[in-house]
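Asks: below is the sequence, then the predicted model.
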Amino acid sequence: MAPEKVFAVVEALKKAGVGGITILDAKGWGKGIRPQLAGQRGTGSYTASSNIKNYVITVVEDSMVDKVVTAIIDAAGTGSPGDGKIFIDTVGDAIDIGSKQKGIHAI
C-alpha cells in the first residue's frame, strides 16, 4: 500500500480489534505506474525502477478475517491500480517464544 495510507490503515485495524501488526518498507513493481524522477541538476527525468510501498502483516482469528479485510479496503482503497493486495493464508500453528503458549493464545 502507498505510504500515505499506512496511518489510516493502522487506525482502522485498531478500531477493528486487531491486537498487533508489523509494517515493513518495501520496494517492488507490478501493474501500477512507477514514478518519474528528476535527474541530477535538472538534466531530465527517468522512470524509477520500483515503487516504494508498505507491507502490513497481521495474524487474526478466522472469525475476524472479513472485518479486517473490510477495514483495510475502506482505509486504503482509492479504486486505482497500486492500492495494494490482501493475501489471506491459514496459520497452521503459532508459538509465543517468551511464554511458550501455543495456538490462539500465542497471537
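Replies: Structure's in. What do you need? Residues are numbered from 1 along each chain as shown.
Asks: and residue 50, how many neighbours?
Replies: A total of 12 residues lie near residue 50 under the criterion other Cβ atoms under 10 Å. To be clear about C-beta, it is placed using only N, CA and C from the backbone, and glycine gets the same treatment.
Asks: kindly report the same for residue 80.
Replies: Applying other Cβ under 10 Å, we find 9 other residues in the vicinity of residue 80.
Asks: what does residue 18 give?
Replies: 19.
Asks: distance of the residue lying closest to it once chain neighbours are set aside relative to residue 50?
Replies: Closest residue to residue 18 apart from its sequence neighbours, by Cβ to Cβ, 6 or more residues apart in numbering: residue 58 at 5.3 Å. To residue 50, residue 58 is 24 Å away according to Cβ to Cβ, to the nearest Å.
Asks: what's the answer for residue 57, then?
Replies: Separation of residue 57 from residue 50 (Cβ to Cβ): 20 Å.
Asks: ok, residue 104 next?
Replies: Distance of residue 104 to residue 50, computed by Cβ to Cβ: 37 Å.
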